[in-house]
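Visitor: sharing a sequence plus its predicted fold:
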Amino acid sequence: MSPLPAANRYDAVLIGGGIMSATLASLLGQLEPDWSIAVFERLDSPGQESSDPWNNAGTGHSALCELNYTPQKPDGSVDISKAVAINESFQLSRQYWSHLVETGVLSDPGRFINSVPHMSFVRGDDVEFLRARYEALAPHPLFAGMEWADDQATVGEWAPLLLEGRDPGERLAATRSSAGTDVNFGALTAALLQSAGARGTQVFTGHSVRKLHRRGSGWTVSVASSDGTTTEVATPFVFVGSGGGALHLLQDSGIPEGKGFGGFPVSGQWLRCTNPDVIARHSTKVYGQAAVGAPPMSVPHLDTRVVDGRRSLMFGPYAGFSPKFLKTGSFTDLPLSIKPHNLLPMLAVARDNIPLTTYLVKEVLQSQEHRMASLRVFYPDAADGDWELLTAGQRVQVIKKGPRGGVLQFGTELVHAGDGSLAALLGASPGASTAVDVMFRLVRECFPAHAERWTPTLREMVPSYGTKLSDDLDLLEKTFARTNDALHLTA
C-alpha cells in the first residue's frame, strides 16, 4: 500500500489504476509536464481488474476477426462501418505506443504487444455471412491482405486444432489476417504508470475514493486507505476510470450529464489449456459466432495469448451473472446503483432483453461437460484433462435512456460534465484497445482552452490525429510500416 498523499491539491486526479487512467496519466504528463497528477487505485497494484491479462481477451481489437462488429442487414449485405471505426481507433493506439517506444518512454514492446494472426471461423449456414463479410472488408485499405478459405485443408494449415477430429465432410469457412495482435494490457498499464511516476505522477495503491464533492469550479475527493485512514484532496479535474466502479462515482458526483445511466454486470469464465503440446500447435486467435441472445463480450474464441513472454491458449469466455460491478466488488453493487433517474431505463432494458436473461441463466447453470462441448465446436479433439477453469473479469454494460425507455449499450461511453471538470468512462468491449482514442477525445472535450496549444504535440504523438488513415493511403502505408517497426510486429 502506498502512503496517503502529502499534497492537498492536484491539477488532475485519476480514479482507478487500469489502462484508461494509465493512458491519460501518460498523455497529460507529456502535454503538461508541470501539472501535479495523482492516480488512486483501490487494489495493491495497478491493472489487476479489467486490464489484467487473465481477465480480458487480450485482443488488439481492430475488427479483423470479431464478427459482432459487422452485422448483417436484412438484404444479406454486411455493414462494416463499426468495424472500420474500431480499426481506425486501434491504429491510434498503435501510433501512440510507437511514439512512446521511439522516445524511450516504453522499452521492450514485446512485453505488452505481439503479432498473433486473427481468424474468423464459421460452420454450416454461417458460411454465406462470412463470405459477405469478407467481400465487404477485403477491398478496404484497413483490411488489406485478409485471406479467405472454405476448404478444410487451408483452414487446417492456418489453425491445425480446428481440424483435428473434425468430420471431413463438414462445411466450414474462415478468414485470416496476419496483421492481428495480442496485447497484455496489464503489462502495458504497469509500464505506463511506471513511466508517468518517473515524470512526477503520484500513484497511490491500496486507496479507495469514497466520495466526490463539488467545490466551486472543481472537486474535493475523499480518499480512504486500506487501514481506514481518510484524507481529502482538491482538484479542478477528476477522471473516473475505475471500470465497473465508475458508475457509482459518476452517480455520486451528481452531474446532470450522468442522470439516466445504469449498468448491467456480466461475469465470465475461461478454459485455459495446461498441455504444452496443444499450446504449441495453435498460434492464432480464432473468433466464432456468438450464440443467439449472447452479449458481444461472450463471442467464443480459441485464443493464443502471450503473457510474461510465455504463450498460452484459452477458450471462452463463458458468460455468467453476478451483481458485483468489479471482480473484487460487492454483491450490493447492482442494487445500490438503481436510482429514481435510471429506474425506467433499467426496467425497459429488462423488458426488451429477455433472450439475454435466458442466455445468462443457461450459462450460469452449465456444467463442465457443457463447457467442453462448446470448446469442441472449435477443437473437436479437446481432452477434458487438458483444460482448467478460470474466472475472468467483470464487465458492466451501459444502460441509458433510449427511444423505448432505455437501451443496453455494448461498448464504451465517455460521460463528462458540461464544464469539463469531471469525466467518467463506462462500458466494456472494445474498451482497452480504444484507450488512446478515448483519451484523445477526453482531452479535446474536457480541456477546450488548451486544444490549440496541445494539437501540435498530439499530432507529433499520433500523425493521423484529426484524420482517417483510410482517407490517406500514403499515410496509411507509412503508419503501418512505422508502427510495425517500432513495436517489433511482423505484419
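Guide: Yes, it's here.

Visitor: need the helices for the stretch 301-450 of the chain, in chain order.
Guide: All helices of the stretch 301-450 of the chain, identified by DSSP state H, counting those that start in this stretch, fall at 333-337, 343-352, 354-365, 368-378, 435-446.

Visitor: neighbours around the closest residue to V407 other than its chain neighbours, how many?
Guide: Once flanking residues are discounted, V407 sits nearest to K400: 6.2 Å by Cβ to Cβ, 6 or more residues apart in numbering. Every C-beta, even on glycine, is put in place using the N, C-alpha and C of the backbone. Around K400 there are 21 other residues, counting by other Cβ atoms under 10 Å.

Visitor: please name the bridge partners of W219.
Guide: Per DSSP bridges, the residues bridged to W219 are R214, T235.

Visitor: you'd agree it is up against V238?
Guide: Yes: applying Cβ atoms under 8 Å, one finds W219 in contact with V238, separated by 5.0 Å.

Visitor: who has more neighbours, those two?
Guide: V238 (24 against 21).

Visitor: isn't the more buried one up against Y10?
Guide: No: with contacts counted by Cβ under 8 Å, V238 stays clear of Y10, the gap being 9.7 Å.

Visitor: so how far is K211 from G228?
Guide: 15 Å (Cβ to Cβ, to the nearest Å).

Visitor: tell me which of these two has more neighbours.
Guide: Ranked by neighbour count (other Cβ under 10 Å), G228 and K211 place K211 first, with 15 against 6.

Visitor: surely the more buried one meets G254?
Guide: No: using Cβ under 8 Å, K211 is not in contact with G254; the gap is 10.8 Å.

Visitor: all helices for the stretch 1-150 of the chain, in order.
Guide: Counting by DSSP H, counting those that start in this stretch, the helices of the stretch 1-150 of the chain are 19-31, 81-102, 126-137.

Visitor: which neighbours do W219 and V238 share?
Guide: Common contacts of W219 and V238, defined by Cβ atoms under 8 Å, 6 or more residues apart in numbering, comprise V13, L212, S253, S421, L422.

Visitor: now, those that are in strands?
Guide: V13, L212, L422 (DSSP state E).

Visitor: need the residues you listed in TSV (columns: distance to H140, neighbour count and pLDDT).
Guide: Formatted as TSV, these follow (distance: Cβ to Cβ, whole Å; neighbours: other Cβ atoms under 10 Å; pLDDT from 0 to 100):
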residue	distance to H140	neighbour count	pLDDT
V13	41	29	98
L212	43	22	96
L422	38	28	98
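
Visitor: same list (those residues) but as JSON lines, adding distance to P463.
Guide: Converted to JSON lines, those look like this (distance: Cβ to Cβ, whole Å):
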{"residue": "V13", "distance to P463": "31"}
{"residue": "L212", "distance to P463": "37"}
{"residue": "L422", "distance to P463": "31"}
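
Visitor: with those in mind, which one is nearest to G329?
Guide: Proximity of these to G329 (Cβ to Cβ) peaks at L212, which lies at 18.3 Å.

Visitor: how about that closest one, what does it touch?
Guide: W219, T220, V221, S222, V238, L249, D252, S253, L422.

Visitor: how about the secondary structure of the fourth one?
Guide: To tie it back to what came earlier, the one meant is S222. For S222, the assignment made with DSSP: H, G, I helix; E, B strand; the rest coil gives strand.

Visitor: and it, what is it in contact with?
Guide: Residues in contact with S222 (Cβ under 8 Å, 6+ apart) are V209, R210, K211, L212, H213, T230, T231, E232.

Visitor: any chance of these in TSV, with distance to V127 too?
Guide: What follows is the contacts of S222, written out as TSV (distance: Cβ to Cβ, whole Å):
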residue	distance to V127
V209	50
R210	54
K211	55
L212	52
H213	58
T230	60
T231	60
E232	60
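
Visitor: give me the buried positions along the least confident helix or strand in the chain by mean pLDDT.
Guide: Ranked by mean pLDDT, DSSP states H and E, the weakest helix or strand in the chain is helix 354-365, scoring a mean of 79. For helix 354-365, the neighbour count (16 or more other Cβ atoms under 10 Å) marks L356, Y359, L360, E363 as buried.

Visitor: doesn't N353 make contact with the third one?
Guide: No: counting by Cβ under 8 Å, L360 does not reach N353; the two are 9.7 Å apart.

Visitor: got any residues that touch both of these two?
Guide: Between them, L360 and N353 share no contacting residue, judged by Cβ under 8 Å, 6+ apart.

Visitor: where does the stretch 251-400 of the chain have low pLDDT?
Guide: Low-confidence segments of the stretch 251-400 of the chain (pLDDT under 70): 291-298.

Visitor: can you show me the strands along the stretch 251-400 of the chain?
Guide: Assigned by DSSP state E, counting those that start in this stretch, the strands in the stretch 251-400 of the chain fall at 262-273, 285-287, 301-307, 310-320, 387-391, 395-400.

Visitor: which of those strands sits closest to F378?
Guide: Across the strands of the stretch 251-400 of the chain, closest to F378 is strand 301-307 (Cβ to Cβ), at 4.6 Å.

Visitor: can you name the farthest residue from the center of the chain?
Guide: G169 (37.3 Å; Cα atoms, centre = their mean).

Visitor: quick one, grab the pLDDT at it.
Guide: Per-residue confidence (pLDDT) for G169: 96.

Visitor: swap in L192?
Guide: So, for L192, pLDDT stands at 97.

Visitor: quick one: list the elements packing against the helix or strand it falls within.
Guide: L192 is part of helix 185-198 when elements are defined by DSSP states H and E. Using 3 or more Cβ pairs under 8 Å, 6 or more residues apart in numbering; DSSP states H and E, the elements in contact with helix 185-198 are helix 19-31, strand 37-41, helix 81-102, strand 202-205.

Visitor: thanks again, I'm all set now.
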